[in-house]
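Asks: attaching a predicted model along with its sequence, questions to come.
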Amino acid sequence: MQRFVFAIGGLAILMASFFGTLHFLDSLNLQSLDSIRIEHARAVKAAVEKYRAASGKYPYIYPNNDLADLKTVLVNGGFISQLPVDPYWQTGRVNKYRYRSVDGDTYGLLIYMELGPCQTGVGSAATDPWDGKPITTCSF
């Protein structure tokens, strides 16, 4: 009976260690995806600012578009070498980064972080483009 108890106890310790390790690795992965998203947002913001410095306006006539729609003006214009793709969606799915500007004086970059969407940019209202609800302003 004592062997059985030790075996069950050992198995319980092994399982707790295994699942604890999985949880720890999973949390590291989520943090790294958001770090990549932050780097991407900063790179796009820098490119958009370079575009504005060259043209006097932010890229516009983009009420709520996939970031890929800026390829012509930003990549082909030499403001960024390539447009980033959300690391979670790199497998050919639609890019979750969204860009909007209707007047060229303001813009918003919508990023879907692990804890939900946030928006960064200059002067753009931080509202969800689909249902109009407020969105958190990104801290970067």
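Replies: Cool, got the structure. Numbers count the residues shown, from 1 in each chain.
Asks: for this protein, give me the ranges with low pLDDT.
Replies: Across the chain, the ranges flagged by pLDDT under 70 are 1, 4-7, 9-12, 14-31, 90-95, 124-131.
Asks: where do the helices of the chain begin and end?
Replies: Using DSSP state H, the helices of the chain run over residues 2-55.
Asks: residue 119 against residue 135, yeah?
Replies: Yes - using C-beta atoms under 8 Å, residue 119 makes contact with residue 135 at a distance of 5.0 Å. C-beta: built from backbone N, CA, C; applies to glycine.
Asks: higher neighbour count, the two?
Replies: residue 119 (23 against 18; other C-beta atoms under 10 Å).
Asks: return the residues in contact with the more buried one.
Replies: By C-beta atoms under 8 Å, 6 or more residues apart in numbering, the contact list for residue 119 reads 108-111, 126, 135-138.
Asks: and those residues, which are buried?
Replies: With burial judged by 16 or more other C-beta atoms under 10 Å, the buried subset of the contacts of residue 119 is 108-111, 126, 135, 138.
Asks: residue 100: neighbour count?
Replies: 19.
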